[in-house]
Structure formats: C-alpha cells, structure tokens
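Participant: one predicted model, sequence on top.
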12 protein chains.
Amino acid sequence: MKILVLHGPNLGRLGVRDPAHYGVRTLAEIDALLQSRGAELGLQVQSFQSNAEGALIDYLELEAPTARGIIINPGALTHYGLSLRDALESIHLPIVEVHLSNIYTREEFRHRSVVAPVVTGQISGFGWRSYLCALELVAQLVAETGQTHN
Amino acid sequence: MKILVLHGPNLGRLGVRDPAHYGVRTLAEIDALLQSRGAELGLQVQSFQSNAEGALIDYLELEAPTARGIIINPGALTHYGLSLRDALESIHLPIVEVHLSNIYTREEFRHRSVVAPVVTGQISGFGWRSYLCALELVAQLVAETGQTHN
Amino acid sequence: MKILVLHGPNLGRLGVRDPAHYGVRTLAEIDALLQSRGAELGLQVQSFQSNAEGALIDYLELEAPTARGIIINPGALTHYGLSLRDALESIHLPIVEVHLSNIYTREEFRHRSVVAPVVTGQISGFGWRSYLCALELVAQLVAETGQTHN
Amino acid sequence: MKILVLHGPNLGRLGVRDPAHYGVRTLAEIDALLQSRGAELGLQVQSFQSNAEGALIDYLELEAPTARGIIINPGALTHYGLSLRDALESIHLPIVEVHLSNIYTREEFRHRSVVAPVVTGQISGFGWRSYLCALELVAQLVAETGQTHN
Amino acid sequence: MKILVLHGPNLGRLGVRDPAHYGVRTLAEIDALLQSRGAELGLQVQSFQSNAEGALIDYLELEAPTARGIIINPGALTHYGLSLRDALESIHLPIVEVHLSNIYTREEFRHRSVVAPVVTGQISGFGWRSYLCALELVAQLVAETGQTHN
Amino acid sequence: MKILVLHGPNLGRLGVRDPAHYGVRTLAEIDALLQSRGAELGLQVQSFQSNAEGALIDYLELEAPTARGIIINPGALTHYGLSLRDALESIHLPIVEVHLSNIYTREEFRHRSVVAPVVTGQISGFGWRSYLCALELVAQLVAETGQTHN
Amino acid sequence: MKILVLHGPNLGRLGVRDPAHYGVRTLAEIDALLQSRGAELGLQVQSFQSNAEGALIDYLELEAPTARGIIINPGALTHYGLSLRDALESIHLPIVEVHLSNIYTREEFRHRSVVAPVVTGQISGFGWRSYLCALELVAQLVAETGQTHN
Amino acid sequence: MKILVLHGPNLGRLGVRDPAHYGVRTLAEIDALLQSRGAELGLQVQSFQSNAEGALIDYLELEAPTARGIIINPGALTHYGLSLRDALESIHLPIVEVHLSNIYTREEFRHRSVVAPVVTGQISGFGWRSYLCALELVAQLVAETGQTHN
Amino acid sequence: MKILVLHGPNLGRLGVRDPAHYGVRTLAEIDALLQSRGAELGLQVQSFQSNAEGALIDYLELEAPTARGIIINPGALTHYGLSLRDALESIHLPIVEVHLSNIYTREEFRHRSVVAPVVTGQISGFGWRSYLCALELVAQLVAETGQTHN
Amino acid sequence: MKILVLHGPNLGRLGVRDPAHYGVRTLAEIDALLQSRGAELGLQVQSFQSNAEGALIDYLELEAPTARGIIINPGALTHYGLSLRDALESIHLPIVEVHLSNIYTREEFRHRSVVAPVVTGQISGFGWRSYLCALELVAQLVAETGQTHN
Amino acid sequence: MKILVLHGPNLGRLGVRDPAHYGVRTLAEIDALLQSRGAELGLQVQSFQSNAEGALIDYLELEAPTARGIIINPGALTHYGLSLRDALESIHLPIVEVHLSNIYTREEFRHRSVVAPVVTGQISGFGWRSYLCALELVAQLVAETGQTHN
Amino acid sequence: MKILVLHGPNLGRLGVRDPAHYGVRTLAEIDALLQSRGAELGLQVQSFQSNAEGALIDYLELEAPTARGIIINPGALTHYGLSLRDALESIHLPIVEVHLSNIYTREEFRHRSVVAPVVTGQISGFGWRSYLCALELVAQLVAETGQTHN
C-alpha cells in the first residue's frame, strides 16, 4: 500500500540552513524516518519534493491513482496554490496537511490555508513529529476504509 | 506525570445525539481510550468538560500548576474565547488544540481560532483519533522537555 | 407538551430598571403571561433566565430532550454566543428567536445574530408581545409536526 | 380601520411554482386568510402586489394616509430598495416586515435588510404564518395607539 | 432652451408630510420657483417626478435629445440607481446633481452617490435653494458652451 | 420553440447614440439578426426591452412558462437587480447572461454580477456577437434537454 | 457683515500653473470676483490662503467670532484634515464647502470629505463658479438667520 | 459610600505567575491598597474577581443598586463581553475602565474595547497605579454628583 | 492561420476522473472537436496543456508571435496567475477566456478572474461547448481584423 | 524636574466656546491647576498649545531633551498625526495621552489613536480631571525611574 | 542646475538620537555628502528640513520653478500628507522619493505611500545611501530630459 | 565576488515587444550593462531569467550559497510569489528588489509587494537605470559587510 509524501517549495533545504530555527533534521532524515515507520506499518512511503507547483501536480496526476493516502506539506503554496488545491480536491483518498511550525503564530498571510478545505485534516506546529503523526493517522484511515471516520 | 484533557461547550453530548454526524463514540469512551493509552505511556490522563468558559479557566488555574501537558478541544470557544486564550497563553507547557472535524470545511466563522496562536500546535479533522494523536505528541514533547522541539 | 422559554443575560432586570426604555412589565410578569396563554393552548411553559452562557447550555442539555419547542431571547449573546448557537443547532425542535427591541435600529454590532441561522424563525421589535407571538407560532408548529412548514 | 398588506417582487407566483420549496398556498389564499382574520379583528385588510419598487411607493403614497397599519414583505427589495425604505420611513404607523423564509439561513446578501431600521419590527421564517402573526401584532399595536409599546 | 428638472422617488410628497424636517415648500412650489427664475434667464424649465427608476430613464430618453441642461435630485436612487447613472452618463449636457439635505450628515449609506461620477457637479445641503442655485449654474454652463468650464 | 431575449435599461438606445463606443448596430438590427438566425435553427425568437426592473419581471412571469430558453442582457441591473435575480432563479430553463462589453475592464462596480449565480452561463465582451453566440448555445442546450450539460 | 473665504493648500497657485487643467483664473481674480459680488450683496468678503492646516485654524479662531458666514475650499485637507474639521464644527455659522473639480470623478481617496459632515452644504464641480454660487447661498442663509433653512 | 472593584478573567493570578511581565503585586495586594486609600477618602471599597462573565453580571445586579461608583478591569472580556457591556450600560453611576497594560501596544484584537462606549472613562497602561488613579477619579466624580463633569 | 488553445492546471484529467461532475469528454476529445471545426473554418488549431504557469508563459512567448488568436482556460490560475495575466496583456490578438463551469456558482474565490481584464471576452458555464463557442468567436474576430468589434 | 504639557489643535478655545459641551474651565485655568499641583509635587509644569502639528514637533525637539515627563492631548491629531507619533516614539520618557471626553462614545474615526501605541498609557473621559490624574501618574513614574512600572 | 532635497518631520534629529537604530550620520552630514557629490556632477544641491507639511509646500512653491529635480524623504507625511502629494503632483520635474529604512518591514501603516503615485520612482531601505543613489538618478534623468526614461 | 541578477516572468521579452512602453533596451543589453559595470567594480555579475517561480527558487538554492549579493526583479511574482519570498527570506545577503516602472502608478494589485518585507531595500520607477543603481548599492553593501548599514 503506497503512501505519497509531498514536500513543497523550499523544504529541500530543511536542516541545512538555519538549523536553530527550522530544526536540525534534514528532509532526507525525515523521509527516512517515515519510510522506516511506514515499513513497520506495512506501508510503502514514497517522497517527492519540488519548488514548482506544476511539478507537484504532475506528480499527483501520475502517482495518486495507485496510492492509498497522501501526506503533504505545501510550504508557502499553502496560502495561494489554488491549482494544487484543485488537484488535491479531485483525489478521493485520505489526505493530511502537515506544517512544521504553528502557522498561526507567524505572519498574517500564513493563517489562511487554501488547501485545508479539501483535505481530511491538518496537523501543524510539531516539527518533524507532525509528519510521523500524519503517517499514523493515514495508516489508521486507510485501514478503516469503508467506515465513516468521525 | 499528569496530562489535562479539556473539552469545551457541547462536547458532553458527543456520541449521544446525531451519531451519524458526530460519530458513535461518547465523550466517556474517548476519555477511557485516552486514560488507557496514557497508562501505557506512563501518563495520568485527567479529563474535564464544561459548557462554561469561566469553569474551564478555573480548572486550568487549579490544575495546570501540577500538570505536564494539556490537550484542549475548546468547542465553539475556539472562535471567540479570548479569556480562555489568555489563560492558556500564561501556561508554559506543551498544549495541543484538537478538533474532531476539519474546521476549514465548515462555516466561515469556524476558520479562525483565537486559541491557535498560543498553543504548541493544532490537530483537526480526524474525529476521536485527533485526541489520541494529541496524546502521543504531548507524551513525546514532555519526554523531550529541555530540548528545542522544532 | 413542554415548551422552554430561555432568557439570556441582563433580562432578569426587565421592568425593574429603566422602565421608560425597556417597558414596565417585569420578566416574572411576562413569564406569567406565557404560562397563562400556554395553559389555554395546552402547553406547559417552563422559563429559565441566566446571565451565563454555560448555564443556558446546561439547561438545554437537561431539558430539551423532553421538550417540544423552544423560545429564546439570547440577550447580548445573540451577537457572539457561538457555543449557545451550537447547542441550539443540535436540537431538532421548532425554535423561535425573540427580541424585545428592533435590533436593527440599534448599534451596528446588534444587527448580526449568530443564532439566527440555526433557529426556525425570528421575531423582533414588539416588546413583550414578541414572546406571546412566539408562543402562538411554536404551538402551531408543534401541532403541525410532520408537515413541512413553508 | 384599514390595514395595508404589500407584497414585493416575485411574490405573485407564490404557491404556483416550486410548491415544495415555497409552500403550497398561493398569494391569493394568504390574502384571503388575512382578510378573514382581519374581519374577526375588526380590520379591513387591503392587499397589493407589484414587481416594481416604484409602484409599491405609489401605492403607499396613495393609501397610507388613510391606513392604520402596514404589513410588508418586500421580497428582494429588502436588500437594496432604499427608495421603498424612504417611503416607509416617512409613514408614522405600525409597520411589520415579514419574510416567509428565515433570511439568515440563505445567501449572505439576504442577511441585511435595508428596510428593518425603519419598521416597528420584523418576523421571518414561519412561512404564511408570518403574515398572520404580523396581523395580530398590528391589530394589537393599533389598539394600543397612544401607549408606548415597549 | 429647455432645461429638464428630474425629481426621484418620494420627492412628490415634499412639503406635505413632515414639513418641520423637509421644509414647508411643496414640490409644486419649487417647480414654480424654477420656472419663474428660468423665464427670467430665458430658459424653459420642464419638471418631472417619478417614484420609478425606469420612468426617469424613459423620460430622459425622450426629452434629453432636445434639452440643453439637466438638474436632477435622484432621491434614494442616488445610492443604488446604476441604471439611472448609465442613462445620465450617455448624455453630453451640463448635469447638476441636487440634494435638499446634506447627505454627509445622514446614514452611512447616503454618503456614496453612484451618480456623482457622471454629472458635472453636485450641490447638497441648502434645501430648495439647492435647486435654484443649480439653475443659475446650468444657465451659465449652457451660455458658456464651447468653452472649458474649469 | 420560443426563446426569450430580454434587454435591460438603456439598451434601447444601442447604435443610436455614441456608435463609436457602443457599436453601430441598433437594438432592432440585433433583434432582427437573432430572429433570422433563430428561424434557421427552428426557434421563435421573441425580444423585449425595458428600462424598468419590474417590467422585465412581469414579462418573465407572463412569457417564461411557455418558453424553452432565455437570453438576457440585464444592463446595469446586472449589478444590483436582486429582484430580477430572484425571478430568473425560479425559472428552470437554460438562461444565458450576455454583455456587449467586457465588464471586467470597466468600473469596479461592474465586475460583480448578482445574476451570474442563477444563470446557466455568461458571455461577455464580444459586442452583438455575444447575442448570436448565446443563441447558438441556447439552441444546443434546448436540443440536449434531458442530458446533463457539463 | 463679514464673510470669510478660506483657501487650503496649493490653491495659491491657481491659474498660474497648468491653466489647461485648473482654469485660467488666478486665486486673486477669484477673490476679486467674490469681493465685487459681495459688495453688491452688502457683504464684506475677506479671503485667506494657507498651505498649513494650523494657520487655517488660527485664522478661524481669530476671525470667525466676528464673521457671519464661511466659504471654504480645504484642498487636500478635505480628505484628512480632522483638526480643521473640529475647528469648523465648533463654529455656529453657515459654512459652505467648495470644490473646483468634481471630486467624485477623481482618485478614490478624494471621494470622502471629512469636513462635509460639519458644514451646511457642499458645492463641487463648477470651477470658479462654485465660489460665487457659495457666496449667493451664504448671503441668503445669513439673511434668513433665525429661520430654519430646509 | 460603597465603591465596587471588579476584576475579570485571569486577573486572580496577578503577581503569582510571570511577575516579570505582569508585575510583582498580587491582586490581593492591589485590593488592599485600594481599600486602604478608599478608607482615607471615606469610601468602602469592595472587590470581586471572577473568570466567568455571568458571575460578574450577577455581582453587578446584586451590588450595583447600593453602590456609588464602579472600577472594572474586564480582562479579555474587554474585547467581546457584550453581555457585560449591557450590564454596565444600564447602571447610572461613574464607571472607570482600567487596564494594567497599554492595550494599544498589544495584539490587534486588544485595541477595541466593547465596554469603553458605556463607561465614564478609561485608564490604561500604568500597571497597579491605574487602579489607584481610577479610585481617585471615582471619589471625585461621586463627590461632584449633580454637577456636569466635563 | 494558427489559433492557440491553452489548457491550465488539472485540465489534463478532464473526462477521466469524476465524469459525473466534469463531463465525460476527455481533453483529447475536446481538442479533436476543436481541430475538426477549426479545419472547417480554415483555422489550424494547436492545443497545449500544462500544470505549470511558467510553461504556459513559455509556450505563449514561443507561439503567440505566429498565431492569430488565443483560447485559454487558465484553470485555477484564473484567480491568482498574475504572471500569466502579464503574458496575455502583452499579446495584441483576440483572446477568449473559457470556463467549463459557471464560476459564479462556486466558491467565493472563483468569482474573481485576474485574467479577465486583459482578454477580449469571457465565456463560462457551457462545458465543452464553451470552447467551440470560443472558436467561432475567434474565427469571426480574426476575419474582422481591422474593424472595431463593438 | 520639568514636565511638558502639550495641547493640540483647537484646545486653545476650551471653556470659551460651548461651555455646556466642553466644560467651563479655560485652558489657562487648567494649566494653572497643573502648575499649582506640580509645585506641590516638586515639578515644574510647562505648557504649550498649538494648532499646527509641525509646531508641536518643533517644541518637543527643543524641550524634550531637558524634560522628565510629557502629558499630551493631541486633539484631532490623535487620529492622523503620524508625524507627531514619530516624534513621541523617539522620546524615552513617561508620556501620558490625555482626552477630555471619552473618545469611544463619539464618531467612529475617533476610536483609533495613532499615538496610543507609542505612549506609556492613556486617560480619557474625565474632563479637566484627566490632566491632573495624568500629572499624578507622571510624577509617580518619574519618581520610580529605574524600576519597572508594571 | 539646482536640485532640491526636502526632509520631512523628525528628520532633523537624524544621527543625534538613537544612532544604533537610525545610523550615526547626522542630517547635516548627509546634506554635505549630497552637496559634495552634486558639485562633482555639476549640480547645485539645496536642502530644506521642516516638521510642518505647510512649510514644505511653501518651499516647493517658492523653489521648484527654478529647480531641475527633487529628492524628498517625507518622513511620516509619506502616509497621510495628501496636501504635499498635491504639491508634488503639479511639479513636472524628476522627483525621487527616498526612505532610510525599508518601510515594508515596519508597521502596517507605513506600507502605503500616498506620495508614491506622483513621483518618478522610489528608493527605500539603504540608509543614507538611498539619498546618494537618488542624486545619481536625478542627475541622469535631468541629463536625459527630452528622452523617454523607461 | 559573485552577484546574482534574477529576472522573473515575462522579462525575457523586454525591449522586443512594445518598446514604446517598456523601453528599447533588451534584457540582454541590460545584462551586458550590468556585467560591464560589475567588472569595473570587481564583481562577477551572473544573470538568470525564468517564467517559472519554481525555477527561480531552484536557481537560488544552487547559486546563493556562493554569492555575495542579489538583485531581483520578480515581475508579477512580486504580488503573489510567497514561495519565492520564503526562498529570499532564508538568504542572509544584501538583496535589492528592482522594478522598471513605478508600481504605485499602476493597477491596485501591483501596489503590494510580498517580497519587499524580506529584502534589504527596493528601487522602482527608473527603467533600466533601476538595475544599475541596484548594482552600485549591492557593491557598497558587500564592501561594508560587517558594518551596520543604516
């Protein structure tokens, strides 16, 4: 069972620059953690990072049809990436929106997510832990498929 | 190590009325799940529900000084409970804001949380799973205390 | 057949202070009028006043399951009591929102009712008559139950 | 004692089209109900419907000087008919604004009534019952003339 | 040389009702004053009042082609009569917008004139004098035709 | 099969005044084009122009029950004619909103159409061609009746 | 009887620069016209121009107590000069606000006058004629003193 | 002569937590200072703190009828406590709104006080001194009763 | 004569997913219809789809200099693609903006098109028919080149 | 120890005009009260009034370097005097903003103070008493210099 | 060739107070740098500082007619000085708006310049270097006079 | 010492199309001017143009670590490119935002730069000169590194 993990613009540099602010773990390390935990849960975790909205949509077009769940940190596209939103809206899988920082403690423009209304749920503010927490939830939601999940 | 779980207005009826919409689990069942999982994690989970903002603040004044972490679903107070916000802001513990439903798919007024800027992070949209996920994160954050958690 | 009548903050002083502005009838007198007219209509009218939003919700949790209709004047909670709104929204009975004064001739903030979208209808501007008019309508709606009421 | 009942744009088709949504009673039937109940109350109810704001104002100019009260459902003019508002503002009689549906559960633009600030009070959400309820109140207000009606 | 004077909704009752507020002069008296002063200036003043926006536009379509200037008090249409605005915009004559009262001391919605951007100028706040002042200006502008009038 | 073509305020003067700006074709010429093309398509095209919102609604009340499709250029009513909107909303036929000019290149207030949410679709910016294009589409939609038209 | 004429910032250069846009008459010429016409009306017209808001207020403090009416073109202070507004508000004389151009055809920020709510009336769009028209009105209002001027 | 001092939500912890930010004086110490100074001024100072809006209103209902002045720091209720506002509005005594911090240097939502329009005046930004300053003013205003206090 | 047809983000999946909502025709089928009809009209229709705003602009830079007209459905870029807007603005050809659905019946953010002010006209709400209608209009506008098209 | 007292535009006429509204004390009398009380407190109170923002800033540049505290009533500059704000912001002394009236009971534009965010605190609504109260606080703050004043 | 350099309110204290924040160079030093560099470029640089908007406009009226270019740092007038804007708008010379700090990193109100739309261009964020950079550009623009400068 | 020059969407066509509006210099010519002047200043100027936000971010990721300063004209991304903003925000080098035209004289949406808050400073309105001016400033800022640059 394939789970997609998408990282949006500027996340490729995670852990490389400004570790004091963004944490010391690199994106590769986070992806490794996800794959390792995914394996324990019987899930194949497949990651993708791009600075381009178009490339993220291309990837979803290609991979979503054979996936069972999606974890996405859209970076700044969270706030204006309406094309990405449309792509996610047409995918009928559990989708978890993830943010490293608590976006509600930052600039005003970061308080609004255009993606949030089309995902299953949102986790923000727990650093790399947000991703792992998302993986647990996706695993659970996939397992429960066919049930209502309220 | 005591973890507080606060449920705001109207959550006492969870699972009793409109189960098709709000889920079949009662608040008591969710609290039991949290206590059970808390026990496994070595945490004492202590729950409290009130329909009154003042009572929630009273409870925090009394219990927060001896707690290590807080999970809170403020119900509709999420959107206007500035006094609750002030109470939470002055507590220097990991605090996780939890919502059963994805608040961004509902009425406009539910998109803004006045509490979000003063908590550690937010989880919304995963039903009762949101609470358990919050407990895991609080456990982790408490364990890491003394470290930065980015 | 029990009909609940809820009076929100500051309505306890009706008729006591500033009679020139708010009318000379006390809340007790209005409640008596409602009970008397209710009796004629075969309805048991049960009144409750509180200055606390939480107490109004507690009362609804306790009494609504055995009631057939609700009349509510939320006082200033009309404009920000989102918890009260949620409590009313989950009750599937005829609910009539009542205001003594015409709220549209007063301060800007009084023009918006957060409760209005979850009630059956609204009556404002007719003083104590608003309550009696509401009672007639609730009686009618209860009698017609099972029919559409457009 | 003459009471005017004004119906604004599109209300002429009431009960004819989309009865599932707007109710099965035609405007003629509602007018008949009002006349019948008016007769019991000693009131002469005189109805008028027009799709044109100007015609409604012309009618008020002509008839209001000899009337004792007014019931008006301005239809969509509720939200932009400032000329109608001015006409009503200059009439010193009890005026009841009536809406069939609860306008606060519909589109955003229907939440604001430009007429509300110049009428005695408003009743919305009770279908054809809103009109009859309005007639009772007008009758009462007319009878009390000379008294304050708070 | 024909000058058109248009009076919008509700102006027909000028001087009849509420003279303390709107002045004691009737519309007929104002029109007579304008015709008399117009005669002195060699102008044929032709007045028209209607409560209907459509009728005002019909009148302009019919009469403007043979007129030399226009004085208009659009009443409440000032604030939403965009069709009237379009009619005026396509007329290449001196047009003076007139208001009896100072619209900037009244309700917020009266502060914006949708007609103002398509007229030559605006006079407000001087009661019936506003009309006479407008007539003097129209006479002057007509006389100066062919000159710039800054 | 009857197709209604409604022209709103000020459109009667099309091609007469300011041909450089609004085009040289008169409304009569456009109506003739539509009738001619309609005849080829087996449609009876019936046109109506009025400067009054009420008259347009009266016409729809009378003619829509026997028509199969509607083309409407509401003129400036596009931006505030909520009564016209309600009339159109209750008609279950293909309706095409037409504008001669590209309304998005003009004043801010022209960018919002209150009619657009209740029509099938909108064509703007192609002058008289917009009407003919609308006729082709109405013909097609009428022919496809019974099919979904996405 | 002294009438004050105040000219705000940048009006000193009237007729000197950009005559094509602002007209060929200098401020001195306009003042001369006003004095000449004032003399005919038995009024002593006294003019003052300043680029400083403070100086205009100083002048009003000094001169208003002995004046009978005020004509003021506040220039750009129209839109933000709240101190000037306060100065005018405390003067109980006829005050006419004058603008050379039609301020409603210019930039958005020029559409709002902070002075308008505290003056008797406003004249805009008639170039230098606006001033003379204002003088006639002030003369009339002064003459009528003691009467209501609606 | 009894003076009421009301402290809103979260003020009970003053001086206990975060003394560096909120000051080292506890609420009890401030109340003691007020009582002591009150005694010197011949005033009986009676304090009350609650985290619940309803309880503050209950207290005002009970105590205000026998009091001569009110000092209130509504805490976060300042910004949304419309019920508290209504309670204060109906009390015809000198009322001083007090804030420890300068609320205009804090978050945007703290800049608006819904209470300010119904009190005599406001003092903010001087820590515990704000309360003592308020007491002096209340004493003075009570002493001057019967005089205007501008 | 080459006509460019541009399809923005997510349009590549048309007809593949959710046919009940977006229609059963694939993008390839629509392109084939356009080419076929184009051939009849003597036009060479050349289509391009991309999920990336940059790629759409690159394509316009390359192809527009040799094209005679443009049809574009910008997908969600309609609402925020200001770079695409700038690219279109600098192209002096007939440009038709096309939308499958009536964007005015959908989410608020879809009501504003940043592209509309720089195109010739807009067609929305007619499914695949919108494209064919656009092709007819482009053909006509190209044929009339050199004439004004009002 | 010198304390500066600045009075903004229009305050020079205090007590002279409209004593019923603004109080009977002249500015000179208030200044005398302040000097007298200042002498008791060992403070040299130095007052300055100007109708010009620039002059107030000049005065601050000259006098602030040798002063120990500032009391300022900026008059209407409170709402737009950003230059005055900058001047105050760069002065590191206790600064008390004073208003005679409760600015929150007046026009909307008076509710916002651009000066408030850069002063120590604000006192409004107590007439001339506001100034004396400010003097007491400045005296106290100056005496406590070197301490935190929360 | 004379170049004017205008410094608005509070800039006279540059380098004197808070050098850590505003830089160590005084305004006199910056003016000297400008004169020295101006001499090299064959330009006579003439500086003026005032805290009064009126004085800046007076200076422009006097000096602009004989100048060839203008450099202006309007200080806080940048955000509300509409009179200064009008003065600059009527001057047909190259005008460079200069800011020491990056105004877009400061308070919200500093992000909008009312002067920017009437100047040639803007330089902000480079401290005293902004002025010298402006001088180079003015020199260049003056030299190119008669050419377009895009 | 490497200086990066980034040109955003649509800038590749500079000087090719619409030279009357955008100037006759091509982007290649501007880049050549920058390299030539850079060489004189001992700087290696390296230019990059892309129509894709993602590609600009990729370039910054690759090249910024070895660069000493950045000049960027983000084209229309200036107004919505939040991902580009995040990329620039994480780079701790002097960054100069450049615009050919004065963006404050154009459409409303161009007045807000989302990039401005994260750059050192901004230069707009001087055509190709803006770039050269930026280069001089970057050179200076790089040379001064280690000093504060206020």
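Facilitator: Alright, I've got the coordinates.
Participant: contact partners of the helix or strand harbouring A:Y131?
Facilitator: A:Y131 is located in helix A:129-143, with elements delineated by DSSP states H and E. Helix A:129-143 is contacted from outside by A:1, A:3, A:5, A:30, A:33-34, A:37-38, A:41, A:43, A:45, A:68-71, A:73, A:94, A:96, A:98-100, A:120-121, A:123-124, A:126, A:149, B:121, B:123, B:126, B:129, B:133, B:136-137, B:140-141, B:149, using CB atoms under 8 Å, 6 or more residues apart in numbering or on different chains. Bear in mind the C-beta positions are built from the backbone N, C-alpha and C, glycine included.
Participant: just say helix, strand or coil for A:L4.
Facilitator: strand (DSSP: H, G, I helix; E, B strand; the rest coil).
Participant: please name the bridge partners of it.
Facilitator: Taking DSSP bridges as the rule, A:L4 bridges to A:Q46, A:I70.
Participant: ok, the closest residue to chain L within chain A - contacts?
Facilitator: The nearest approach of chain A to chain L comes at A:A52, 2.6 Å away (CB to the nearest CB). Neighbouring residues of A:A52 by CB under 8 Å, 6+ apart: A:P9, I:A52, I:G54, L:A52, L:E53, L:G54, L:A55, L:I57, L:D58.
Participant: C-terminal to the worst-scoring helix or strand of chain A on mean pLDDT, what's the next element?
Facilitator: Lowest by mean pLDDT, DSSP states H and E among the helices and strands of chain A is helix A:19-22, with a mean of 70. For helix A:19-22, the following helix or strand on the C-terminal side (DSSP H and E) is helix A:27-40.
Participant: burial of the residue in chain A positioned nearest to chain K, as a residue count?
Facilitator: At 9.1 Å from chain K, A:E108 is the closest residue in chain A, using CB to the nearest CB. The tally of other residues near A:E108 (other CB atoms under 10 Å in any protein chain shown) stands at 8.
Participant: confidence score at it?
Facilitator: Predicted confidence (pLDDT) for A:E108: 90.
Participant: that one and H:E108, how far apart?
Facilitator: Using CB to CB, to the nearest Å, we find A:E108 at a distance of 9 Å from H:E108.
Participant: A:V119 too?
Facilitator: 28 Å.
Participant: tell me which parts of chain A are close to chain B?
Facilitator: A:20-23, A:100-102, A:104-105, A:111-113, A:116-117, A:119-127, A:129-130, A:133, A:136-137, A:140-141, A:148-150 (CB under 8 Å from any CB of the partner chain).
Participant: just the pLDDT for the residue in chain A positioned nearest to chain D.
Facilitator: Closest contact between chain A and chain D, by CB to the nearest CB, is at A:P117 (17.3 Å). A:P117 is assigned a predicted lDDT (pLDDT) of 96.
Participant: quick one: residues contacting it.
Facilitator: Here A:P117 is in contact with A:R85, B:N102, B:Y104, B:T105 (criterion: CB under 8 Å, 6+ apart).
Participant: quick check: the closest residue to the last one other than its chain neighbours vs A:R85, distance?
Facilitator: I take that to be B:T105. What sits nearest to B:T105 in space, not counting adjacent residues and going by CB to CB, 6 or more residues apart in numbering or on different chains, is A:P117, at 5.1 Å. As for A:P117, its distance to A:R85 is 8 Å (criterion: CB to CB).
Participant: swap in A:S36?
Facilitator: Counting by CB to CB - A:S36 and A:R85 are separated by 31 Å.
Participant: ditto for A:P9
Facilitator: 15 Å.
Participant: please apply the same query to A:Q35.
Facilitator: From A:Q35 to A:R85 the distance is 27 Å (CB to CB).
Participant: more crowded one of these two?
Facilitator: A:R85 (25 against 17).
Participant: got the confidence number for the more buried one?
Facilitator: 98.
Participant: can you pull the phi and psi angles for it?
Facilitator: Backbone torsions of A:R85, given as degrees, to the nearest 10, read phi -60, psi -50.
Participant: how about it, what does it touch?
Facilitator: With CB under 8 Å, 6+ apart, A:R85 has these contacts: A:V114, A:V115, A:P117, A:V118, I:A76.
Participant: the second one and chain E, how far apart?
Facilitator: To tie it back to what came earlier, the one meant is A:V115. According to CB to the nearest CB, to the nearest Å, A:V115 and chain E sit 37 Å apart.
Participant: what subset of the residues of chain A next to chain B is buried?
Facilitator: A:22-23, A:100-102, A:104-105, A:111, A:113, A:116-117, A:119-127, A:129-130, A:133, A:136-137, A:140-141, A:149-150 (16 or more other CB atoms under 10 Å in any protein chain shown).
Participant: residue ranges in chain A under the pLDDT threshold?
Facilitator: Applying pLDDT under 70 to chain A picks out residues A:20-21, A:146-150.
Participant: which parts of it sit against chain I?
Facilitator: Residues of chain A that fall close to chain I, judged by CB under 8 Å from any CB: A:52-55, A:57-58, A:61, A:80, A:82-83, A:85-87, A:90, A:114.
Participant: mind exporting stretch A:98-111 as CSV, just the C-alpha atoms?
Facilitator: Extracted in CSV, the C-alpha atoms of stretch A:98-111 (Å, rounded to 0.1, in the frame of the first residue of the first chain):
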residue,chain,number,x,y,z
VAL,A,98,1.3,19.0,7.6
HIS,A,99,3.1,22.1,8.8
LEU,A,100,6.4,22.1,10.8
SER,A,101,5.7,25.3,12.6
ASN,A,102,2.5,26.6,14.1
ILE,A,103,1.3,28.7,11.2
TYR,A,104,-1.0,30.7,13.4
THR,A,105,1.9,32.3,15.3
ARG,A,106,3.5,33.7,12.2
GLU,A,107,2.7,36.4,9.6
GLU,A,108,-1.0,37.2,9.0
PHE,A,109,-0.9,35.8,5.4
ARG,A,110,0.2,32.4,6.8
HIS,A,111,-3.0,32.0,8.8
